[in-house]
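1. This is a predicted model, with the sequence first.
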Amino acid sequence: MIVKKLYEAGLRSEHAYAAAFASIGLSFASWMASAKMEASGVDRADRWGIFVGEWAPTFFGLGLALARYEQPAAELYADDPRLQDTRS
């Protein structure tokens, strides 16, 4: 239901994958920036990097769900031997 609504809103699997890779880069960038600019030390930088880095698996999962939704049903089940016609 949520995937259908996101698909109807124009979100595609490529967008979710791009967001996942961007969040990986943003995670590294936020860690580097926080480590160099803040006086709090590496502890806060680690927290920022982990916080942003946790977005990537969510976006990858959403990309997989959207990719599966984008495929026609015939492609999804084409290799399933239980659905093959054995009458020939």
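-> Perfect, I can see it now. Residues are numbered from 1 along each chain as shown.
2. roughly how far apart are K36 and V42?
-> Look at K36 and V42: by Cβ to Cβ, to the nearest Å, they are 11 Å apart. C-betas here are computed from N, CA, C, even on glycine.
3. what sits up against the one helix or strand G25 maps to?
-> Element membership of G25, judged by DSSP states H and E, is helix 13-37. Residues from elsewhere that reach helix 13-37 (Cβ atoms under 8 Å, 6 or more residues apart in numbering): 40-42, 44-46, 48-50, 52-53, 55-60, 62-64, 66-67, 70.
4. Only the buried subset of those, as a ChimeraX command please.
-> A single ChimeraX command is used to select the members of these judged buried by 16 or more other Cβ atoms under 10 Å:
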select :45,48,49,52,53,55,56,59,60,62,63,66
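5. Which ones among the contacts of helix 13-37 map onto helices?
-> The subset of the contacts of helix 13-37 located in helices under the criterion DSSP state H comprises 42, 44-46, 48-50, 52-53, 55-60, 62-64, 66-67, 70.
6. Which pLDDT value belongs to G10?
-> Reading off the confidence values, G10 has pLDDT 94.
7. In three-state terms, label it for me.
-> Using DSSP: H, G, I helix; E, B strand; the rest coil, the structure places G10 in coil.
8. Can you get me a residue count around it?
-> For G10, the tally of surrounding residues (other Cβ atoms under 10 Å) stands at 7.
9. looking at the chain, which helix or strand is least sure?
-> helix 73-76 (a mean of 64; mean pLDDT, DSSP states H and E).
10. Only C-alpha atoms, please: export stretch 47-55 in PDB.
-> What follows is stretch 47-55, C-alpha atoms only, in PDB (Å, rounded to 0.1, in the frame of the first residue of the first chain):
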ATOM      1  CA  ARG A  47      27.100   9.600  16.300                       C
ATOM      2  CA  TRP A  48      26.500  11.900  13.200                       C
ATOM      3  CA  GLY A  49      28.000   9.300  10.900                       C
ATOM      4  CA  ILE A  50      26.000   6.500  12.300                       C
ATOM      5  CA  PHE A  51      22.700   8.500  12.300                       C
ATOM      6  CA  VAL A  52      23.000   9.400   8.700                       C
ATOM      7  CA  GLY A  53      24.400   6.000   7.700                       C
ATOM      8  CA  GLU A  54      21.300   4.300   9.000                       C
ATOM      9  CA  TRP A  55      19.300   5.800   6.300                       C
END
